[in-house]
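J.: below are the sequence and a predicted model for it; my questions follow.
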Number of protein chains: 2
Amino acid sequence: MVAIDWETVDPEVKKVFDTYTKEKTFPKDALILDAGSICNHLLIIKSGLVRNFYFDPKGNDITHWFSGPNSVVTSPPSFFKQEPSFFRIETLQPTVANVITHSQLEEAFKKSIELERFGRQLAINIMMALGQKVIDLQTKTAEERYHELLFQYPDILQQAKLGHIAGYLGITQQSLSRIRGNKKV
Amino acid sequence: MVAIDWETVDPEVKKVFDTYTKEKTFPKDALILDAGSICNHLLIIKSGLVRNFYFDPKGNDITHWFSGPNSVVTSPPSFFKQEPSFFRIETLQPTVANVITHSQLEEAFKKSIELERFGRQLAINIMMALGQKVIDLQTKTAEERYHELLFQYPDILQQAKLGHIAGYLGITQQSLSRIRGNKKV
DNA sequence: TTCGTTTTTTAACATAGGTGAAATTTTGTA
DNA sequence: TACAAAATTTCACCTATGTTAAAAAACGAA
């Protein structure tokens, strides 16, 4: 959940986005990207909620990332290396997004140093958010991670299923249910 | 450990680096960045080994990242936002690195679209490596993570202390020692 | 060499979270 | 409104890793 703050974005970048992206609408529970296919699109969510997920070797459904309004979704390894995707992407709510293809984005980068800079800054922000997630997984209990998610993104809790959230937190659905029941006192 | 492959780097970028960076040598066990100070430098390691670490609320020493030859070290949140650092950085071996300050880097970015692009691609690569670490923490046992590190970066094992490696893997030193002792059969 | 320090290992016990299965609640729809 | 399907909760038991403390091994300076 790394939201873009459009207020602070260079007008030039907005213009490029308007030129190159195309608005698209997805129903709820739509599989936008399947595992094994090459991810050719990057989406900037206007409204709705999407998750990036995968099945681990034991078959557990793990949510890697949630993306809500003003955040970006793609399968980074597949999109940037143009290789078959490990991640799947699906909508959790009806979603409207601006879509750009890999080749369009590359073309846009060539034409605009402002976009190149924006892309770098966005990548750095996502990198820092992932770094924070690594820290959280290593130093916080599942319960602490749950309460923080609840505090930071209460919307997700209302729009996603428990299993999706549990996978995101790195625990099973049963454990999350147990944590929720732990109304201390 | 995201090493830069200099073979594939634009000559223009190399030139900019040569112009702006300054080579610096650090002895073993040197604290390059302390917590609380603003990280004003980014290092590109030429030789040696460095780690990025922090103390969690319980006082455990957690290694966030190792950086060996051709990889980049900084405290990203502190360097990019110019705020007090949460991470500390120290050498684990005598180290030689090319150093660039935050303002020099910003200046260089302004002058070279090639550098801007290189920076974006590097950020994307680090982002993907962190994404993989999140996946590993969520889907692999400590033992699997240890064997993979051993396989991918055998050098680290010989140059870092057990406690540093355990923290990186997300477990205690005692657990890592136990795992090592598990010569099955 | 030898002694003191640092690092690593070992061991007994504690606990967070996993597993599998069943019970319950919620939801959508006929 | 009632029922079937889906989602969530509960429960009993299990396991990986944490905790604390002590022993052993490795290292480094005199």
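T.: Looks like it arrived, so ask away.

J.: for stretch A:87-97, how far is the first residue from the last?
T.: End-to-end span of stretch A:87-97 (CA to CA, to the nearest Å): 19 Å.

J.: and that stretch, average pLDDT?
T.: Averaging pLDDT along stretch A:87-97 gives 96.

J.: list the buried residues in it.
T.: Within stretch A:87-97, the residues that qualify as buried are A:87, A:88, A:89, A:90, A:91, A:92, A:93, A:95, A:97, counting by 16 or more other CB atoms under 10 Å in any protein chain shown. For every residue, glycine as well, the C-beta is placed using N, CA and C.

J.: and the residues you listed as a markdown table, adding distance to residue B:103 and secondary structure?
T.: Shown next, in a markdown table, are the buried residues of stretch A:87-97 (distance: CB to CB, whole Å; DSSP: H, G, I helix; E, B strand; the rest coil):
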| residue | distance to residue B:103 | secondary structure |
| --- | --- | --- |
| A:87 | 37 | coil |
| A:88 | 42 | strand |
| A:89 | 39 | strand |
| A:90 | 43 | strand |
| A:91 | 43 | strand |
| A:92 | 43 | coil |
| A:93 | 43 | coil |
| A:95 | 41 | strand |
| A:97 | 37 | strand |
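
J.: distance to DNA strand D for the residues you listed - can I get that in TSV?
T.: Formatted as TSV, the buried residues of stretch A:87-97 follow (distance: CB to the nearest atom of the strand, whole Å):
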residue	distance to DNA strand D
A:87	20
A:88	16
A:89	17
A:90	12
A:91	13
A:92	10
A:93	13
A:95	17
A:97	22
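
J.: and the two most separated of those?
T.: Comparing every pair within the buried residues of stretch A:87-97 by CB to CB identifies A:87 and A:93 as the most remote, at 18.8 Å.

J.: how about the contacts made by residue A:146?
T.: Taking CB atoms under 8 Å, 6 or more residues apart in numbering or on different chains as the criterion, residue A:146 is in contact with A:165, A:169, A:176, A:179, A:180.

J.: give the buried subset of these as a ChimeraX selection command.
T.: Of the contacts of residue A:146, the buried ones go into a single ChimeraX selection, burial set by 16+ other CB under 10 Å:
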select /A:165,169,176,179
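
J.: which among the contacts of residue A:146 gets closest to residue B:126?
T.: residue A:169 (23.6 Å).

J.: for the nearest residue to residue A:64 once chain neighbours are set aside, list each beta-bridge partner.
T.: Residue nearest to residue A:64 in three dimensions, not counting chain neighbours: residue A:52, with 4.6 Å by CB to CB, 6 or more residues apart in numbering or on different chains. Following DSSP bridges, residue A:52 is listed with bridge partners residue A:65, residue A:89.

J.: quick one: residue A:52 and residue A:61 touch, right?
T.: No. If you go by CB atoms under 8 Å, residue A:52 and residue A:61 don't touch, sitting 11.9 Å apart.

J.: and those two? which has more neighbours close in?
T.: Taking neighbours as other CB atoms under 10 Å in any protein chain shown, residue A:52 and residue A:61 compare with residue A:52 leading, 23 against 16.

J.: so stretch A:130-143, near DNA strand C or not?
T.: Yes. Looking at stretch A:130-143 against DNA strand C by CB under 7 Å from any atom of the strand, the contacts come from A:141, A:142, A:143.

J.: any chance of the residues you listed in JSON lines, plus neighbour count, distance to residue B:136 and secondary structure?
T.: Below are the residues of stretch A:130-143 next to DNA strand C laid out as JSON lines (neighbours: other CB atoms under 10 Å in any protein chain shown; distance: CB to CB, whole Å; DSSP: H, G, I helix; E, B strand; the rest coil):
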{"residue": "A:141", "neighbour count": "11", "distance to residue B:136": "19", "secondary structure": "coil"}
{"residue": "A:142", "neighbour count": "17", "distance to residue B:136": "17", "secondary structure": "helix"}
{"residue": "A:143", "neighbour count": "16", "distance to residue B:136": "22", "secondary structure": "helix"}
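
J.: and which of those is nearest to residue A:40?
T.: residue A:142 (35.5 Å).

J.: quick one: residues contacting the residue most central in space within chain A.
T.: Nearest to the mean C-alpha position of chain A, counting by CA atoms, centre = their mean, stands residue A:67 at 3.6 Å. Neighbour list for residue A:67: A:1, A:43, A:45, A:49, A:50, A:51, A:52, A:73 [criterion: CB under 8 Å, 6+ apart].
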